[in-house]
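Enquirer: Please work out how this folds:
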Amino acid sequence: MKIYLVGGAVRDQLLGLAVKDRDWLVVGATPEQLLAQGYQQVGKDFPVFLNPTTKEEYALARTERKSGAGYTGFICDFSPDISLEEDLIRRDLTINAIAQDEQGTLHDPYGGIADINHRTLRHISPAFAEDPLRVLRVARFAARFHHLGFSIAEETLSLMQQLAEQGELQHLTAERVWSETAKALTEKHPEIFFETLRKVGALSVLMPEIAALYGIPNPAQHHPEIDSFVHTMMVLQQAVLLTKNTKLNASAVRFSAICHDLGKALTPPEMLPSHHGHEKKGVQLVRNLANRLKIPTYIKELAELSCEYHTHIHKAFELRPDTLIKLFNAFDAWRKPQRFLEFLTVCMADSRGRMGFEKRKYPQKDYVWQLYQTATQVDVQQVINDGFEKQQIRDELMKRRINAVKAKIAEIRPHFLTN
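Expert: Next up is the predicted model:
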């Protein structure tokens, strides 16, 4: 029996990155042998065991044979005769198929070290095409390692394109697609994930609402980058910068950044490059995308609200007090202040996600947040103490909040406009 450290731990070690999880491969053993040593079995489809001391995962060497469509259509063989090379060849990329034995010696049968040195993401064998999930995984690795200079090998891009064209991606479950997307959203350059999927034709299959933005023009004076998809990717990158090292729900802000302009794909050609009414038009598209991918409710709701109301904040200095209170109500900002702050962050990312506007000030965010905090200071208990009942309480509360915001606008708006 031989034990090897495999996968991401070896790869990240060679890249000089912090190793988070360690996965181990056991060659030449049976499940019975590991169970006898106190290992606990956790894998259902194939034997994966938890080490009794470290609780790290140890998997028996295995081979996989395609038996049906999609991600789950495989037959696994995990006999003790399977070699290290046979196990490694079933993995997706060469950089993920390097093993380190207990003496520290590296085993690299498929050129992973050379590809790390050349900063190349390359599939190991034609068997890559048997698993459509790998299209998303490779796009995610491209996002993760973009800052290190990695790019995808041309032959791997061609295989990914083939999988998209052959309809294999349609066999992926919503949970799998969202799981990979959610992981990609946490990377330094999630825009590379979506750009890669678009390049190989996978985005139009899995997220057609986002893919439809490609080629849709915007007015050049406001959007020097012109293209709506390019703008969306720039907004996503700004959302990354604005959520880094904060307590905000980064995934919700970043996904909402992607969805904020989906309605622009529905603009009639004769109206272009103007997009009047794109905000409300986009809400149903966001809903369709979120429902299909079974996206968590919190993220879905923030994305829908951001789509519908983002231009309100751009025009904040023109909004009347009653319009602002209605906006706070729409977000249930009284009970969900963080969600409202996350929405303002999406708006700021939208403003900065334009060519040449990346460092632009966005005073609207602080202005609206101050007005919101002023509105929250109106005490509902005082309204009740003043003798108002039932529906009168809501009406009076609304009235007092409007008056408080009106007074605050008179106080701070001149300062914001002159600075």
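
Enquirer: can we go C-alpha only for contacts and neighbour counts from here?
Expert: OK.

Enquirer: All the helices of the stretch 251-400 of the chain, residue numbers only.
Expert: 278-292, 297-314, 321-330, 337-352, 363-376, 380-385, 391-418 (DSSP state H, counting those that start in this stretch).

Enquirer: Of all those, which one is nearest T186?
Expert: helix 297-314 (13.9 Å; CA to CA).

Enquirer: What angle do helix 321-330 and the closest one make with each other?
Expert: Relative orientation of helix 297-314 versus helix 321-330 (axes from the mean of the first three to the mean of the last three CA atoms, to 10 degrees): 170 degrees.

Enquirer: And helix 297-314, what does it pack against?
Expert: helix 250-259, helix 278-292, helix 337-352, helix 363-376 (3 or more CA pairs under 8 Å, 6 or more residues apart in numbering; DSSP states H and E).

Enquirer: Save these as CSV, and put in distance to P414, mean pLDDT and mean neighbour count too.
Expert: Below are the helices and strands packed on helix 297-314 laid out as CSV (distance: least, CA to CA, whole Å; pLDDT from 0 to 100; neighbours: other CA atoms under 10 Å):
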stretch, distance to P414, mean pLDDT, mean neighbour count
helix 250-259, 30, 98, 26
helix 278-292, 29, 98, 19
helix 337-352, 21, 98, 23
helix 363-376, 11, 98, 18
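
Enquirer: Next one, pLDDT for K44 please.
Expert: Note for K44: predicted pLDDT of 69.

Enquirer: cool, E130 as well?
Expert: 86.

Enquirer: Just put the helices of the stretch 251-400 of the chain in JSON lines and tack on distance to L157.
Expert: Shown next, in JSON lines, are the helices of the stretch 251-400 of the chain (distance: least, CA to CA, whole Å):
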{"stretch": "helix 278-292", "distance to L157": "25"}
{"stretch": "helix 297-314", "distance to L157": "30"}
{"stretch": "helix 321-330", "distance to L157": "44"}
{"stretch": "helix 337-352", "distance to L157": "30"}
{"stretch": "helix 363-376", "distance to L157": "41"}
{"stretch": "helix 380-385", "distance to L157": "60"}
{"stretch": "helix 391-418", "distance to L157": "49"}
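
Enquirer: And those: which comes nearest I258?
Expert: For I258, the closest of these is helix 297-314, at 8.4 Å, according to CA to CA.

Enquirer: ok so, going back, of all the helices of the stretch 251-400 of the chain, which lies closest to F78?
Expert: Of all those, helix 278-292 comes closest under CA to CA, at 35.4 Å.

Enquirer: Run the angle between the closest one and helix 297-314 for me.
Expert: Going by the same axes, to 10 degrees, helix 278-292 makes 170 degrees with helix 297-314.

Enquirer: angle of helix 278-292 against helix 250-259?
Expert: 130 degrees.

Enquirer: And for helix 278-292, what's in contact with it?
Expert: 174, 207, 209, 259-264, 266-267, 300, 303-305, 307-311 (CA atoms under 8 Å, 6 or more residues apart in numbering).

Enquirer: Any of those buried? List them.
Expert: 174, 207, 209, 259-264, 266-267, 300, 303-305, 307-310 (16 or more other CA atoms under 10 Å).

Enquirer: For V27, find the nearest of the helices of the stretch 251-400 of the chain.
Expert: Comparing the helices of the stretch 251-400 of the chain by CA to CA, helix 278-292 comes nearest, at 40.5 Å.

Enquirer: Name the spans of the stretch 201-350 of the chain whose pLDDT lies under the cut-off.
Expert: For the stretch 201-350 of the chain, no stretch has pLDDT under 70.

Enquirer: For the closest residue to A333 other than its chain neighbours, give me its contacts.
Expert: In space, and not counting its chain neighbours, A333 is closest to F340: 5.8 Å by CA to CA, 6 or more residues apart in numbering. Residues near F340 by CA under 8 Å, 6+ apart: 328, 331, 333.

Enquirer: what about P80, distance to H171?
Expert: Between P80 and H171 the computed distance is 32 Å (CA to CA, to the nearest Å).

Enquirer: If you could redo that for K20, that was the one I meant.
Expert: For K20, the distance to H171 - CA to CA - is 31 Å.

Enquirer: Between those two, point out the one with more neighbours.
Expert: The neighbour comparison of K20 against H171 (other CA atoms under 10 Å) goes to H171, with 14 against 8.

Enquirer: Quick check: the gap between the more buried one and V177.
Expert: Distance from H171 to V177, by CA to CA: 10 Å.

Enquirer: before we move on, what about T63?
Expert: Distance, T63 to V177, using CA to CA: 24 Å.

Enquirer: Same check on T323?
Expert: Taken as CA to CA, the span from T323 to V177 is 38 Å.

Enquirer: who has more neighbours, the two?
Expert: Comparing T323 with V177 by other CA under 10 Å, the one with more neighbours is V177, at 19 against 14.

Enquirer: any idea of the mean pLDDT for the helix or strand hosting that one?
Expert: Per DSSP states H and E, V177 falls inside helix 174-185. Averaged across helix 174-185, the pLDDT comes to 97.

Enquirer: Tell me which helix or strand comes right after that helix.
Expert: By DSSP H and E, the next helix or strand past helix 174-185 is helix 190-199.

Enquirer: residues near M355, how many?
Expert: Per other CA under 10 Å, the neighbour tally for M355 reads 14.

Enquirer: hmm, I was thinking of E411
Expert: 11.

Enquirer: now it: how far from T418?
Expert: On the measure of CA to CA, E411 and T418 end up 13 Å apart.

Enquirer: same thing with I116?
Expert: For I116, the distance to T418 - CA to CA - is 53 Å.
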